[in-house]
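Student: Sharing a sequence plus its predicted fold:
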Amino acid sequence: LLEVNRAPLHAAGLDLSDVRGRAFWDCHWWSYDPVVQGRLREACAAAAAGRSSRYDAEIRMAGESRRVVDFQIAPL
């Protein structure tokens, strides 16, 4: 990651320095579960190949709380 919107950082209790330079799936929101990380890695690979992915994803917020979000990743 290079940049992140402030809202997800704040919701997770993070600073940009906590995630900058890390693989997206290795960041706090996803790193609580290898299955969740694997699905995100697959979605990132699909986007790199030109395909969009959209699914409900459970992410970790501040502390150990969880929230389900409508997640979408798409090639630019």
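Tutor: Received, thanks. Residues are numbered from 1 along each chain as shown.
Student: Buried residues in the biggest helix by length in the chain, which are they?
Tutor: Using DSSP state H, we find that the single longest helix of the chain is helix 34-48. Neighbour-count burial for helix 34-48 flags 36-37, 39-40, 43, 47 (criterion: 16 or more other Cβ atoms under 10 Å). In this view, the C-beta of every residue, glycine as well, is placed from N, C-alpha and C.
Student: same deal with stretch 61-76?
Tutor: Those would be 61, 71, 73, for stretch 61-76 by 16+ other Cβ under 10 Å.
Student: ok, so of the buried residues of helix 34-48, who is nearest residue 2?
Tutor: Checking the buried residues of helix 34-48 against residue 2 by Cβ to Cβ gives residue 47 as the nearest, at 15.5 Å.
Student: and that closest one, how far is that from residue 32?
Tutor: Note on residue 47: its distance to residue 32, by Cβ to Cβ, to the nearest Å, is 22 Å.
Student: same thing with residue 52?
Tutor: For residue 52, the distance to residue 32 (Cβ to Cβ) stands at 25 Å.
Student: show me the contacts for residue 55.
Tutor: 39, 43, 71 (Cβ atoms under 8 Å, 6 or more residues apart in numbering).
Student: rewinding a little: between the buried residues of stretch 61-76, which is nearest residue 9?
Tutor: Nearest to residue 9, judged by Cβ to Cβ, of the buried residues of stretch 61-76 is residue 61 at 10.9 Å.
Student: got the phi/psi numbers for the closest one?
Tutor: Dihedral angles of residue 61 (phi, psi; degrees, to the nearest 10) stand at phi -110, psi -160.
Student: and residue 56, that's in a strand?
Tutor: Yes. According to DSSP: H, G, I helix; E, B strand; the rest coil, residue 56 belongs to a strand.
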